[in-house]
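J.: Sharing a model that was predicted from the sequence below.
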Amino acid sequence: MSRNQTWILKHPWSVRSFHYLLVLSFIPLAITGVALYFKPFDQSTMNLYMRIHVVTGVILTLDAVAYFIIGFDRVIAFIKRSFSFSANDIKWFSVLGGYPQKFLLKKKVTLPPMGKYNSGQKLFGVCVLIGGTILIATGWGLWAFPHILPHGTGSLFGTLHLVFGWILILFLLVHVFLGIYMFDDFKAMFLHGKIPYEEAKEIAPIWVERELMKVER
């Protein structure tokens, strides 16, 4: 990091550690889930994939529960940010965050001011919160309690698990691509947690103006 820049903390260690475990568990879940759907391998290999799917599902559950308890205040803040909605979000989605213009036309579009998360990140957050909860609940039901589920519930759980699994996988692909494209934020999430102040002021002016506090040195 350059000493000539002012850096601010965007992702504290508690958030980064949760994100590490989320990545280490969800990516194997996604890969094994796709394999279990298409069944491209022999029976023994598919059984191995199922065991990996179950183990990583347990890890994901423990990670989510632990963070909910330990970082409850941050969970509440994340929920409030993700479910907030204003006219700025409509404007952001009307130009798709300016990404098509950047990638296809090499043109920069003026965007409405955003908070800590832009509108696309908030939508992803809503999908993670709702979809992740449904995946965990239906996954446990299908694996641990298949024989005591009411009639028809098992089939419903299977459908919900499949639909929300595909939704989160597709969102994950976009999230990873844009995360790498916004490389300072990518490094902040996986390394030091910090982004340049000037970048934060440009992409998240509402967050900088309303939530960051100046500290006298």
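T.: Yep, it's here.
J.: Mean pLDDT per helix and strand in this structure: which one sits at the bottom?
T.: helix 183-187 (a mean of 81; mean pLDDT, DSSP states H and E).
J.: now for it, which elements pack on it?
T.: Applying 3 or more Cβ pairs under 8 Å, 6 or more residues apart in numbering; DSSP states H and E, one finds that helix 183-187 contacts helix 153-181, strand 194-196. Where you see a C-beta, it was placed from the backbone N, CA and C, and this is true even at glycine.
J.: Point out the most buried one among the ones you listed.
T.: Most buried of the helices and strands packed on helix 183-187 by mean neighbour count (mean count of other Cβ atoms under 10 Å) is strand 194-196; its value is a mean of 19.
J.: buried ones in whichever helix or strand comes after it?
T.: Where DSSP states H and E defines the elements, the next helix or strand beyond strand 194-196 is helix 197-203. Under the neighbour-count criterion of 16 or more other Cβ atoms under 10 Å, helix 197-203 has 199-200, 203 buried.
J.: follow-up on the earlier one: and for the least confident helix or strand of the chain, what's in contact with it?
T.: 10, 179-180, 195-196, 199 (Cβ atoms under 8 Å, 6 or more residues apart in numbering).
J.: Go through stretch 181-195 and flag the buried ones.
T.: Of the residues in stretch 181-195, those buried (16+ other Cβ under 10 Å) are 182, 184-185, 188-189, 193-195.
J.: Next one: the spatially closest residue to residue 61 that is not a sequence neighbour, what pLDDT does it get?
T.: Among residues not flanking residue 61 along the chain, residue 136 sits closest, at 5.3 Å (Cβ to Cβ, 6 or more residues apart in numbering). Model confidence at residue 136, given as pLDDT, is 97.
J.: and if you look at the one 3 residues further on?
T.: Note on residue 139: pLDDT of 97.
J.: secondary structure element for it?
T.: Per DSSP H and E: residue 139 is located in helix 119-144.
J.: and that helix, what does it pack onto?
T.: Using 3+ Cβ pairs under 8 Å, 6+ apart: helix 119-144 touches helix 43-70, helix 72-83, helix 87-94, helix 153-181.
J.: Tell me how far the first one lies from the chain's centre.
T.: Taking Cα atoms, centre = their mean, to the nearest Å, the mean C-alpha location of helix 43-70 is offset from the chain mean by 17 Å.
J.: Buried residues in it, which are they?
T.: Counting neighbours by 16+ other Cβ under 10 Å, the buried set in helix 43-70 is 49, 52-54, 56-61, 63-64, 67.
J.: With stretch 78-93 instead?
T.: 78, 82, 88-89, 92.
J.: first vs last residue of it, how far apart are they?
T.: 20 Å (Cα to Cα, to the nearest Å).
J.: Doesn't residue 111 lie inside a strand?
T.: No - according to DSSP: H, G, I helix; E, B strand; the rest coil, residue 111 belongs to no strand; its state is coil.
J.: Pull the contacting residues for the closest residue to it other than its chain neighbours.
T.: Among residues not flanking residue 111 along the chain, residue 98 sits closest, at 5.5 Å (Cβ to Cβ, 6+ apart). By Cβ under 8 Å, 6+ apart, residue 98 lies in contact with 108-109, 111.
J.: Mind doing that once more with 10 Å?
T.: 92, 107-111, 118 (Cβ atoms under 10 Å, 6 or more residues apart in numbering).
J.: same question, residue 87
T.: When contacts are counted by Cβ under 10 Å, 6+ apart, residue 87 touches residue 112.
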